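Trainee: Build me a model from this:
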Amino acid sequence: MKRFVPFLPKPPTVAVIRLEGVISTGGRGSLNDAGLAALIEKAFSRGKPKAVALAINSPGGSPVQSSLIAARIRRLAGEKNIPVHAFVEDVAASGGYWLASAADHIWADETSIVGSIGVISAGFGLEDFIERHGIKRRVYTAGNSKSMLDPFQAEKPEDIQRLKALQEQIHAAFIAQVKSRRAGKLPEGRDLFTGDIWAGRGAQEVGLIDGIAHLVPKMKELFGDKVRFNVLSRKRPFLSRIGLSLGDAAIGALEDRAAFARFGL
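Mentor: Modelled structure (predicted):
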């Protein structure tokens, strides 16, 4: 009851946001700026927190959504003058590390997977398959570049060149984000932007994280044993709460599993 007496000092509070799953504009349980906006705003405004902690477990996904979420976190951290700590669980790779880079300090477990600072695009070529089944592909465009990398047609060198040019631009933006947020912590002359990954201690050695630590003990170390945690989570859609949309849930789980499997998880 002491915390309700107005003239007694209140214990410090840390707001905790879970960022778990693939980063995508759509899909059940995916991370995106629109879905997280209210949650992030609440974390920085409710109860005057001493810090915001990000519990991250993401193999990445959309670079745009990664950038938007990270930018929102940085804007609010600056406006409210609240430090942000990221805690990597299984993985913060690719877009997941982009999210972690929004924090002032990044912590991980010794076995966490960190990095994959690169850009990837994958697909299938099905032109031989449809030809064997007597299927003909008909595409009509206004504009020479309107149809690019059609999986039902043979690859064109000019399409691959355009894709690589786009990837280079996105990669450059990712590199700029990491260099800016980890300024003074990255080793000179070391190329960390090849898409390589590191486990906890290795990530610390190359400056991608600040140390090995877990959320609760680290926050108690910084703010005292009486620190309180305000854990914020997204509301599940009504249909999923009553057990419907099982098909979408199964597909989403498979997609998430495939994304995490790239890192051996």
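Trainee: What average pLDDT does stretch 109-117 get?
Mentor: Averaging pLDDT along stretch 109-117 gives 96.
Trainee: Contacts for that stretch next, please.
Mentor: 60, 88-94, 97, 100, 108, 174-175, 178, 192-201, 203, 208-209, 212, 214, 263-265 (Cβ atoms under 8 Å, 6 or more residues apart in numbering). Bear in mind the C-beta positions are built from the backbone N, C-alpha and C, glycine included.
Trainee: Write the ChimeraX selection for whichever of the residues you listed are buried.
Mentor: Restricted to buried positions by 16 or more other Cβ atoms under 10 Å, the ChimeraX selection for the contacts of stretch 109-117 reads:
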select :60,88,89,90,91,92,93,94,97,100,108,174,178,192,193,197,198,200,203,208,209,212,263
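Trainee: Can you flag which of the contacts of stretch 109-117 belong to helices?
Mentor: Among the contacts of stretch 109-117, the residues falling in helices (DSSP state H) are Tyr97, Ala100, Phe174, Ile175, Val178, Gly200, Arg201, Ala203.
Trainee: can I get those in a markdown table with pLDDT?
Mentor: As requested, these are arranged in a markdown table below (pLDDT from 0 to 100):
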| residue | pLDDT |
| --- | --- |
| Tyr97 | 97 |
| Ala100 | 98 |
| Phe174 | 96 |
| Ile175 | 96 |
| Val178 | 96 |
| Gly200 | 93 |
| Arg201 | 96 |
| Ala203 | 97 |
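Trainee: For Lys156, state which of those residues is nearest.
Mentor: Nearest to Lys156 among those is Phe174, at 26.7 Å by Cβ to Cβ.
Trainee: That closest one contacts Pro63, correct?
Mentor: Yes. Using Cβ atoms under 8 Å, Phe174 makes contact with Pro63 at a distance of 6.7 Å.
Trainee: who touches both of the two?
Mentor: Going by Cβ under 8 Å, 6+ apart, residues that sit against Phe174 and also against Pro63 are Trp98, Val119.
Trainee: Fine by me, thanks again.
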